[in-house]
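Enquirer: This is a predicted model, with the sequence first.
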Amino acid sequence: MNLKRAAIAVLPVAAIALTVPLVAPGPAFAAEAVSVDLQEMGSTGAKGTATLTAMDNGDLKIAIKSTGMTPNSPHAQHLHGSAAGMDFHCPTMKDDKNGNGYISVEEGLPMYGDIFVSLTTSGDTTKASGLAVDRFPTADAQGNLAYERTIPAAQLPAGTIAHLKDLHIVQHGIDANKNGKYDLEALGESTFAKSLGVPNIPEEATDVATCGMVSGAAAGSVPAGGVNTGDGSSLQRGPDPALIYSVGGAAVFGTLGLAFYRRRKGARA
């Protein structure tokens, strides 16, 4: 009888043990960190360093320190690239089609690809926040910019951690005439912003300040395929920026326009 009772007592334990493999947690991510050397695009004078750390729980930690940025101004910044095998990379001055010494969004986008993650300071990090200037870091009075954020795994696009070395960082916002602010006098109106229906935004606010390749990323060949516009056309023809930033783009540029208006109004007061 004792043996029989012992056998009966063991059965529930054995049943639980057999179910453990069926409810085991998903695969763990191996912690990995890659560094990025943020180099100036043209003669912006901006540069920096960044570290992308894939945490063992699938989160992504980003730390950026830049210098030579437009002081007291917000700087849009993003992870660009693809998790689908496309070869995107930082532009060079050969991509400066109008020869003004700087890389515009229209000139750089075919090279560095669509927004993969918006490196905002809080809230949403999708492409929809690509121009949310109220949630991007602001450089201090000396033009120094510091940024650190950990983005939860659930908020990252599929393939981010697996293709971390295929991604790169782009920071926007330059001071072409070295007067310490974004203005229309330097490079005129942003044709990119205008294409979204928001006029009178300085080109300085949207041009590329720095770009950095993640260690191990492919570089030097022409990108293949489209930039998530759905038409599969060659990037050598150049994508339509209005299509790429169609989600929320006009709204956040409206916010940017309001910020400039308030700044000019405050300066006149």
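Expert: Noted; the coordinates are in hand. Remember, predicted model here, so these are calculated numbers, not experimental data.
Enquirer: Quick check, pLDDT for residue 130.
Expert: On the pLDDT scale, residue 130 is placed at 88.
Enquirer: whoops, I mixed them up, residue 134
Expert: Taking residue 134 on its own, its pLDDT is 92.
Enquirer: I figured it hits residue 74, correct?
Expert: Yes - counting by C-beta atoms under 8 Å, residue 74 is a contact partner of residue 134 at 7.5 Å. All C-beta atoms are positioned from the backbone trio N, CA, C, and that covers glycine.
Enquirer: Which one of those two is surrounded by more residues?
Expert: Neighbours of residue 134 and residue 74, each counted by other C-beta atoms under 10 Å, are more numerous for residue 74; the result is 25 against 16.
Enquirer: Would you map the helices across this structure?
Expert: 2-19, 105-112, 184-187, 191-195, 203-206, 241-244, 249-268 (DSSP state H).
Enquirer: In terms of mean pLDDT, which of those helices ranks lowest?
Expert: Among the helices of the chain, helix 2-19 scores lowest, at a mean of 36.
Enquirer: Which residue ranges of the stretch 51-200 of the chain form strands?
Expert: 60-67, 77-81, 115-118, 145-151, 167-172 (DSSP state E, counting those that start in this stretch).
Enquirer: Can you lay out these as JSON lines showing mean neighbour count and distance to residue 189?
Expert: As requested, the strands of the stretch 51-200 of the chain are exported to JSON lines (neighbours: other C-beta atoms under 10 Å; distance: least, C-beta to C-beta, whole Å):
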{"stretch": "strand 60-67", "mean neighbour count": "19", "distance to residue 189": "25"}
{"stretch": "strand 77-81", "mean neighbour count": "27", "distance to residue 189": "22"}
{"stretch": "strand 115-118", "mean neighbour count": "24", "distance to residue 189": "22"}
{"stretch": "strand 145-151", "mean neighbour count": "17", "distance to residue 189": "25"}
{"stretch": "strand 167-172", "mean neighbour count": "27", "distance to residue 189": "16"}
